[in-house]
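J.: okay, here's the prediction I keep looking at, along with the sequence it came from:
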Amino acid sequence: LNNVVIVGGGTAGWMTASYLKAAFGDRIDITLVESGHIGAVGVGEATFSDIRHFFEFLGLKEKDWMPACNATYKLAVRFENWREKGHYFYHPFEQMRSVNGFPLTDWWLKQGPTDRFDKDCFVMASVIDAGLSPRHQDGTLIDQPFDEGADEMQGLTMSEHQGKTQFPYAYQFEAALLAKYLTKYSVERGVKHIVDDVREVSLDDRGWITGVRTGEHGDLTGDLFIDCTGFRGLLLNQALEEPFISYQDTLPNDSAVALQVPMDMERRGILPCTTATAQDAGWIWTIPLTGRVGTGYVYAKDYLSPEEAERTLREFVGPAAADVEANHIRMRIGRSRNSWVKNCVAIGLSSGFVEPLESTGIFFIHHAIEQLVKNFPAADWNSMHRDLYNSAVSHVMDGVREFLVLHYVAAKRNDTQYWRDTKTRKIPDSLAERIEKWKVQLPDSETVYPYYHGLPPYSYMCILLGMGGIELKPSPALALADGGAAQREFEQIRNKTQRLTEVLPKAYDYFTQ
Ligand SMILES: Cc1cc2nc3c(=O)[nH]c(=O)nc-3n(C[C@H](O)[C@H](O)[C@H](O)COP(=O)(O)OP(=O)(O)OC[C@H]3O[C@@H](n4cnc5c(N)ncnc54)[C@H](O)[C@@H]3O)c2cc1C
Ligand SMILES: N[C@H](Cc1c[nH]c2cc(Cl)ccc12)C(=O)O
């Protein structure tokens with residue numbers, strides 16, 4: 001089994017083609033067919049830090065691909081106005097410290113919280129506030145043993161890695177430029193690239209795909225067909241009629257309007273993070289790249305019209321948005337019941353999607369590709385590989401869905417009907433049970449979503465502590481414990497923060513000097 005046909009040339013299609021080529025070389029034939037006039041969704045610019053495993057697997061270093069994609073570093077998601085207007089906090093890429101067996105955030109709760117748990121418990125919160133780079137001007141990383149092979153986690157897949165260490169940053173890049181870069185990478189390594197429309201999908205009497213019929217390039221036959229056609233799910237949901245399980249009963253945001261705003265980043269400076277600014281009926285993302293800012297309003301159409309969303313977004317951005325065309329998007333929120341059915345695997349939006357609040361779309365793609373390689377079928381098509389794949393992929397999306405619902409359940413603001421409804425809307429039973437535990441004991445690996453879904457327990461702590469809508473209590477044991485060691489830990493964080501903010505370059509300078 002070595003003939004793969006990929007339909008779709010967005011981020012999912014080209015990430016899949018390039019990774020499979022890197023994994024199997026010339027022992028596999030890959031054809032990618034993409035329409036010349038059905039556009040890719042055109043957004044998808046911030047990532048998880050785990051994405052570095054993808055580039056490492058392809059043998060790519062940052063200097064190879066970042067300049068071609070106008071890429072910058074992402075040190076956190078900054079949540080603005082979710083607790084109340086004027087408040088913000090970070091969800092960073094930084095391990096949570098522990099003192100005497102308790103997370104530092106537990107000690108923080110005990111010792112009389114300030115209004116910024118993130119500044120007290122993480123070094124990176126102040127580094128981001130100062131608009132700094134996580135690398136010194138000579139390229140060395142802030143004192144974490146990851147650089148150039150020092151990362152003992154290299155070679156592991158994300159799910160094997162399971163957050164054993166925490167790399168301090170992720171990336172933000174232009175999705176279209178990444179797809180273009182990976183197209184070149186793939187074609188140079190033998191991927192056959194056809195620009196044409198798939199008009200029909202041919203099935204045999206068992207319902208397996210035998211080929212796809214194109215407009216001008218005849219029938220493309222193969223063994224394995226990978227559906228990267230985006231929300232439309234042309235092969236999996238349409239041809240094979242695999243049902244789609246909506247998450248919309250618990251995540252109502254179903255629409256977005258996006259702008260790509262040219263910006264003088266020298267004058268503006270680069271805040272090295274993705275910002276999610278809460279609005280009356282959703283939230284606006286701001287992603288700084290080297291030559292522009294990517295921004296968009298994610299909202300629920302039951303509460304806001306596309307016209308009002310666009311007006312709000314343009315007002316939020318200001319005059320720089322004046323001549324920029326808006327891209328209105330209807331989002332299909334949820335996942336296919338199974339992403340691998342018969343000889344068809346859906347990867348990307350065709351498999352599933354949740355709103356981009358924690359930049360999980362590309363993480364889903366990367367995880368799916370890793371799992372496909374891990375479970376790549378032999379000619380006997382042993383169904384256990386397919387079952388293992390479907391289980392891992394479904395858990396990742398269901399786990400992230402719970403994590404996103406937590407953002408809305410925990411957000412304190414209630415100044416519009418949209419925000420008031422977040423407190424009365426149905427939530428997954430399993431999440432409701434977990435929240436009751438977290439009220440008395442901060443999240444740990446025992447109480448978060450039990451299957452791999454990419455997010456460590458400290459990510460849940462950040463959302464609970466930052467959003468402010470769920471009352472949290474410190475562990476009673478801390479009342480009997482000596483707080484001296486915790487005080488020393490907080491002091492160490494303050495000292496390290498002071499040292500770093502004195503020597504690190506500005507994020508903009510790091511990329512331009
Ligand atoms: C508003 C929004 C914001 C997002 N922000 C982020 C983010 O910050 N971070 C993140 O990780 N993810 C984000 N995502 C998700 C991210 O955009 C997607 O995961 C990523 O773009 C993958 O898309 P795709 O390749 O699956 O589909 P698409 O980009 O839609 O590509 C579909 C491809 O299929 C082709 N095609 C369709 N029909 C046919 C046909 N009949 N014949 C031939 N070709 C066909 C199209 O030409 C296109 O090439 C966001 C998504 C949305 C909607
Ligand atoms: N697998 C982790 C997930 C993770 C840890 N911290 C953050 C912060 C943000 Cl904004 C997104 C994801 C994560 C990783 O990829 O680092």
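T.: Arrived safely. Ligands and ions are numbered 1, 2, ... in the order given.
J.: alpha carbons only for contacts and neighbour counts from here, please
T.: Noted.
J.: give me the mean pLDDT for the helix or strand encompassing Thr501.
T.: Counting by DSSP states H and E, the element that carries Thr501 is helix 484-503. The pLDDT scores in helix 484-503 average 96.
J.: got the contact list for it?
T.: Contact with helix 484-503 is made by 99-100, 104, 107, 120-124, 126-127, 130, 132, 136, as judged by C-alpha atoms under 8 Å, 6 or more residues apart in numbering.
J.: buried residues, stretch 51-60. List them.
T.: Neighbour-count burial for stretch 51-60 flags Ile51, Arg52, His53, Phe54, Phe55, Phe57, Leu58 (criterion: 16 or more other C-alpha atoms under 10 Å).
J.: typo on my end, stretch 11-28
T.: For stretch 11-28, the neighbour count (16+ other C-alpha under 10 Å) marks Thr11, Ala12, Gly13, Trp14, Met15, Thr16, Ala17, Ser18, Tyr19, Leu20, Lys21, Ala22 as buried.
J.: pretty sure the fourth one contacts Lys184?
T.: No: taking C-alpha atoms under 8 Å as the definition, Trp14 is not a contact partner of Lys184, at 9.5 Å.
J.: and the helix or strand bottoming out on mean pLDDT in the chain, what's buried?
T.: Counting by mean pLDDT, DSSP states H and E, the chain has its least confident helix or strand at helix 158-161, which shows a mean of 78. Using 16+ other C-alpha under 10 Å as the test for burial, helix 158-161 gives Met158, Ser159, His161.
J.: the helix or strand just after that helix packs against which elements?
T.: For helix 158-161, the following helix or strand on the C-terminal side (DSSP H and E) is strand 170-172. Where contact means 3 or more C-alpha pairs under 8 Å, 6 or more residues apart in numbering; DSSP states H and E, strand 170-172 is packed against strand 72-74.
J.: pLDDT of the longest helix seen in the chain, averaged?
T.: In terms of residue count, the longest helix belonging to the chain (DSSP state H) is helix 383-410. Average pLDDT, helix 383-410: 98.
J.: how far does it sit from its chain's centre?
T.: Counting by C-alpha atoms, centre = their mean, to the nearest Å, helix 383-410 is centred 13 Å from the centre of its parent chain.
J.: list the buried residues of that helix.
T.: For helix 383-410, the buried set under the neighbour-count rule, 16+ other C-alpha under 10 Å, comprises 385-386, 389-390, 392-410.
J.: re earlier: which of the buried residues of stretch 51-60 lies closest to ligand 1?
T.: Nearest to ligand 1 among the buried residues of stretch 51-60, counting by C-alpha to the nearest ligand atom, is Ile51 at 9.6 Å.
J.: what sits against the residue of the chain most remote from its centre?
T.: Relative to the mean C-alpha coordinate of the chain, counting by C-alpha atoms, centre = their mean, the farthest residue is Leu480 (40.3 Å). With contact set as C-alpha under 8 Å, 6+ apart, Leu480 has no partners.
J.: so what pLDDT did it get?
T.: Here the pLDDT value assigned to Leu480 is 96.
J.: how about Arg267?
T.: pLDDT, the model's per-residue confidence, is 87 for Arg267.
J.: rewinding a little: return the distance of the residue farthest from the centre of the chain relative to Ser459.
T.: Using C-alpha to C-alpha, to the nearest Å, we find Leu480 at a distance of 27 Å from Ser459.
J.: and what of Leu357?
T.: For Leu357, the distance to Ser459 - C-alpha to C-alpha - is 13 Å.
J.: please apply the same query to Tyr247.
T.: 21 Å.
J.: compare these two and say which is more crowded by neighbours.
T.: Set Tyr247 next to Ser459 and count neighbours by other C-alpha atoms under 10 Å: Tyr247 wins out with 21 against 18.
J.: is any part of stretch 294-303 close to ligand 1?
T.: No: Stretch 294-303 lies out of reach of ligand 1 by C-alpha under 6 Å from any ligand atom, never closer than 6.7 Å.
J.: give me the buried positions along that stretch.
T.: In terms of neighbour count (16+ other C-alpha under 10 Å), stretch 294-303 has its buried residues at Gly294, Thr295, Gly296, Tyr297, Val298, Tyr299, Ala300, Lys301, Tyr303.
J.: ok, now stretch 492-508?
T.: For stretch 492-508, burial by neighbour count (16+ other C-alpha under 10 Å) applies to Ile493, Arg494, Thr497, Leu500, Thr501, Leu504, Pro505, Lys506, Ala507, Tyr508.
J.: now, which of these sits nearest Pro252?
T.: The shortest gap between Pro252 and any of the buried residues of stretch 492-508 belongs to Ala507, at 35.1 Å (C-alpha to C-alpha).
J.: report pLDDT for that closest one.
T.: pLDDT, Ala507: 95.
J.: got the contact list for the closest residue to it other than its chain neighbours?
T.: Spatial nearest neighbour of Ala507, chain neighbours left out: Ser133 (4.2 Å); criterion: C-alpha to C-alpha, 6 or more residues apart in numbering. Residues in contact with Ser133, defined by C-alpha under 8 Å, 6+ apart, are Tyr73, Val127, Pro272, Leu504, Pro505, Lys506, Ala507, Tyr508, Tyr510.
J.: and Ser133, how far from ligand 2?
T.: Using C-alpha to the nearest ligand atom, to the nearest Å, Ser133 is found at 16 Å from ligand 2.
J.: same thing with Val354?
T.: Val354 is 14 Å from ligand 2, by C-alpha to the nearest ligand atom.
J.: could you check how many residues crowd around that residue?
T.: 27.
J.: quick one on the thing from earlier: of the buried residues of stretch 11-28, which is the nearest to Leu289?
T.: Comparing these against Leu289 with C-alpha to C-alpha places Thr11 closest, at 17.4 Å.
J.: if we can go back for a sec, among the contacts of helix 484-503, name the buried ones.
T.: Neighbour counting over the contacts of helix 484-503 (16+ other C-alpha under 10 Å) leaves 99, 104, 107, 120-124, 126-127, 130, 132, 136 as the buried ones.
J.: can you lay out the residues you listed as JSON lines showing distance to Glu174, secondary structure and pLDDT?
T.: Output for those, formatted as JSON lines (distance: C-alpha to C-alpha, whole Å; DSSP: H, G, I helix; E, B strand; the rest coil; pLDDT from 0 to 100):
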{"residue": "Val99", "distance to Glu174": "40", "secondary structure": "strand", "pLDDT": "96"}
{"residue": "Leu104", "distance to Glu174": "36", "secondary structure": "helix", "pLDDT": "97"}
{"residue": "Trp107", "distance to Glu174": "40", "secondary structure": "helix", "pLDDT": "97"}
{"residue": "Asp120", "distance to Glu174": "33", "secondary structure": "helix", "pLDDT": "97"}
{"residue": "Cys121", "distance to Glu174": "32", "secondary structure": "helix", "pLDDT": "97"}
{"residue": "Phe122", "distance to Glu174": "29", "secondary structure": "coil", "pLDDT": "97"}
{"residue": "Val123", "distance to Glu174": "28", "secondary structure": "coil", "pLDDT": "96"}
{"residue": "Met124", "distance to Glu174": "24", "secondary structure": "helix", "pLDDT": "97"}
{"residue": "Ser126", "distance to Glu174": "26", "secondary structure": "helix", "pLDDT": "97"}
{"residue": "Val127", "distance to Glu174": "24", "secondary structure": "helix", "pLDDT": "97"}
{"residue": "Ala130", "distance to Glu174": "24", "secondary structure": "coil", "pLDDT": "97"}
{"residue": "Leu132", "distance to Glu174": "21", "secondary structure": "strand", "pLDDT": "97"}
{"residue": "His136", "distance to Glu174": "24", "secondary structure": "coil", "pLDDT": "94"}
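J.: check these and tell me the two furthest apart.
T.: Pairwise distances across the buried ones among the contacts of helix 484-503 peak at 31.5 Å for Trp107 and His136 (criterion: C-alpha to C-alpha).
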